[in-house]
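> coordinates only, sequence not included:
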């Protein structure tokens, strides 16, 4: 599989992204695009939901992880892969590695939710626990790499990953023509960067808007201040969107995003419950940000054809935010 | 639209069902068929989930209701339609009627869940409340019909409805070849009858098995005793499966079903949470019965290609059964 790997040092072009689609096709779902009369009427727009919550591993992360794992040269793959993550990338990498039959070493903070630990174990990942600080995560990962020789696969600051995440938007644009706008959530920026690239290559008239929690608005600050602003321990229910942009994702986003809009925690919870109730799908808080910003800025989208990337669906069914509040 | 109505007095044939597909196509979703590696591994079988929870109105009921409403002769349609229902048929009929621009009068028990009342209102249905007894429901419906002249559309004991519900299985068999078994839940038997007919016409080698709550096992009793046994106020969380079979559905089912299997309340709740957690979709208790019977009878399905009709997703997100127990 190694002869078709994208080198790490170039921005994925249109051909790269199409090649990645073929590489991951045997492993990943082509997720459905759902529509909802209820939301169309509520917002006066035509909404097309790209359901990455229905992706294997429960999130778009499986696209990038699968691409990275499947294109590893044989000698590297034999050493296994590793990452530190308490979120969807951990599950995605463990699942992709199991499909190639290699080991995945995942460093997780010792306060990670039981459900996420179980999911990584369920996919055959080898977990090493660490203290819940970035410093200890990185130090522990370093030790794991020294001990095992495993290859690190970064969750977003890697062109192989960005090209993988770009395939979600490429599929959306193929099944749903003439979109005016595509909205993607932004955390580390892997999905957003990939979305920007696919829109540029495959539908140049389509603008990309990013959606971010107001309480974790480092990308918005970076965009408005035209300089990199890191994320500093933000408190938001959207646990997948707490990270800073990376050195590879930052320039793609600054160059290509039309705007970055934010939503409050209250709107995020409202959007989450609305999607579950009306569309009958389970989407995690980070995944509903595109709808949340539409709810807060309806005038911006009225009359438009809007694609929304619902990024994932991994959430603890024993702790639902609209019920937690009531207790 | 009236020239293509199926007469009420004949069993739908293959051509009828294909015609119904064309009639409802502009209104209904062709729902996706999802697969899950997790469930395939758990059960040692290949599972194909036909997601009628993603149908408009949140359930397969919209298929039959749309067919009945759209094929009403103009003079009948002008009088509006009516039914008594506290469930998915009420929502489906209200939505279908609104699409044709006619009135829907829905008789609902005065203890119906607020969320279902709101849904019917949201689709423009005119609600008349009654006492929560079958007697008062029927008496109140009679009065509504006398007052408005509206045409009654029965939720299942009507060949137009059965032919409509049959389209779900017809679609499943078109997208997913060579199924060994299709499992459908059984309440009044509209969906099950339609499934049996479509399997017979479009995939004669495919067997149909019905799934029923153990605590509402009137269809199982009817099947094993070879005579009609009514449902008598059963207590089950699967609120869509509490009704008796009808005079039209009973003979189709007795003639065509391979077997009827039951599941306990505990397994139904377990199957519900598993589907939400692993497949990231919202399915109501009645809709998970096909998976529940597989969990209770894994040997019966091992190694098979199994289609499961997830019938609906209308459930109260403020009262989830796995959380209710904990409180």
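In hand now; what should we look at? These numbers were taken from a predicted model, which means no experiment stands behind them.
> who in chain A is up against chain B?
For chain A, the residues in contact with chain B (C-beta under 8 Å from any C-beta of the partner chain) are A:29, A:32, A:34-35, A:37-38, A:53-54, A:56, A:58, A:122, A:273, A:276-277, A:279-283, A:313, A:317-318, A:320, A:322-323, A:326. C-beta: built from backbone N, CA, C; applies to glycine.
> swap the cut-off to 6 Å and go again
Where proximity means C-beta under 6 Å from any C-beta of the partner chain, the interface of chain A facing chain B comprises A:32, A:53-54, A:58, A:276-277, A:280-282, A:313, A:317.
> in contact with residue A:102, which residues?
A:77, A:80 (C-beta atoms under 6 Å, 6 or more residues apart in numbering or on different chains).
> one more pass at 8 Å, please.
With contact taken as C-beta atoms under 8 Å, 6 or more residues apart in numbering or on different chains, residue A:102 is in contact with A:69, A:77-78, A:80-81.
> now do residue A:62
Neighbouring residues of residue A:62 by C-beta under 8 Å, 6+ apart: A:27-28, A:55-56, A:92, A:95-96.
> I'd like to know which of the residues you listed is nearest to chain B.
Closest to chain B out of the contacts of residue A:62 is residue A:56 (6.8 Å), distances taken as C-beta to the nearest C-beta.
> quick check: pLDDT value at the closest one.
Per-residue confidence for residue A:56 comes out at a pLDDT of 95.
> so the closest residue to chain B within the stretch 51-200 of chain A, which state does it fall into?
With C-beta to the nearest C-beta, the shortest gap between the stretch 51-200 of chain A and chain B falls at residue A:53, namely 4.5 Å. Of the three states, residue A:53 takes helix according to DSSP: H, G, I helix; E, B strand; the rest coil.
> nearest residue to it other than its sequence neighbours?
Distances taken as C-beta to C-beta, 6 or more residues apart in numbering or on different chains put residue A:313 closest to residue A:53, at 3.0 Å, once the chain neighbours are dropped.
> pretty sure residue A:93 sits against residue A:69.
Yes: using C-beta atoms under 8 Å, residue A:93 and residue A:69 qualify as a contacting pair, with a distance of 7.1 Å.
> count of neighbours near the closest residue to chain B within the stretch 151-300 of chain A?
Closest approach of the stretch 151-300 of chain A to chain B (C-beta to the nearest C-beta) occurs at residue A:280, with a separation of 3.3 Å. Applying other C-beta atoms under 10 Å in any protein chain shown, we find 26 other residues in the vicinity of residue A:280.
> can you point out the buried residues in the lowest-mean-pLDDT helix or strand in chain A?
Across the helices and strands of chain A, mean confidence by mean pLDDT, DSSP states H and E is lowest for helix A:114-122: a mean of 88. Of the residues in helix A:114-122, those with enough neighbours to count as buried (16 or more other C-beta atoms under 10 Å in any protein chain shown) are A:116-117, A:119-120.
> how about the strands in chain A?
Along chain A, counting by DSSP state E, strands occupy A:33-34, A:46-51, A:81-84, A:104-109, A:126-130, A:151-152, A:181-185, A:207-213, A:259-263, A:305-310.
> turn the ones you listed into TSV, columns for mean pLDDT and mean neighbour count.
Conversion of those to TSV gives the following (pLDDT from 0 to 100; neighbours: other C-beta atoms under 10 Å in any protein chain shown):
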stretch	mean pLDDT	mean neighbour count
strand A:33-34	96	20
strand A:46-51	98	24
strand A:81-84	96	26
strand A:104-109	95	25
strand A:126-130	95	17
strand A:151-152	96	18
strand A:181-185	98	28
strand A:207-213	98	26
strand A:259-263	98	21
strand A:305-310	98	27
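> any chance of JSON lines for those, columns distance to residue B:221?
Written out in JSON lines, the entries for the strands of chain A read as follows (distance: least, C-beta to C-beta, whole Å):
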{"stretch": "strand A:33-34", "distance to residue B:221": "39"}
{"stretch": "strand A:46-51", "distance to residue B:221": "40"}
{"stretch": "strand A:81-84", "distance to residue B:221": "55"}
{"stretch": "strand A:104-109", "distance to residue B:221": "51"}
{"stretch": "strand A:126-130", "distance to residue B:221": "50"}
{"stretch": "strand A:151-152", "distance to residue B:221": "60"}
{"stretch": "strand A:181-185", "distance to residue B:221": "51"}
{"stretch": "strand A:207-213", "distance to residue B:221": "53"}
{"stretch": "strand A:259-263", "distance to residue B:221": "52"}
{"stretch": "strand A:305-310", "distance to residue B:221": "43"}
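> so, low pLDDT: which residues of the stretch 1-150 of chain A?
Under the criterion pLDDT under 70, the flagged ranges of the stretch 1-150 of chain A are A:1-8.
> got the residue ranges for the helices in it?
All helices of the stretch 1-150 of chain A, identified by DSSP state H, counting those that start in this stretch, fall at A:14-24, A:37-43, A:61-70, A:74-78, A:88-100, A:114-122, A:134-148.
> quick one: distance of the lengthiest helix in chain A to the chain centre.
If you go by DSSP state H, chain A has its longest helix at helix A:159-175. Using C-alpha atoms, centre = their mean, to the nearest Å, the mean C-alpha position of helix A:159-175 is found 11 Å from that of the whole chain.
> cool, and stretch A:33-51?
The answer for stretch A:33-51 is 21 Å, by C-alpha atoms, centre = their mean.
> again, but for stretch A:68-85
Per C-alpha atoms, centre = their mean, the centroid offset for stretch A:68-85 relative to its chain is 20 Å.
> and what of stretch A:113-129?
Average the C-alpha atoms of stretch A:113-129, do the same for its chain, and the two points are 19 Å apart (C-alpha atoms, centre = their mean).
> next: stretch A:124-135.
Per C-alpha atoms, centre = their mean, the displacement of stretch A:124-135 from the mean C-alpha position of its chain is 20 Å.
> tell me how chain A divides into domains.
What automatic domain parsing lists as the domains of chain A is A:2-59+A:162-324, A:62-152.
> ok so, going back, so which of the strands of chain A is nearest residue A:226?
Ranking the strands of chain A by distance to residue A:226, with C-beta to C-beta as the measure, places strand A:259-263 first at 12.2 Å.
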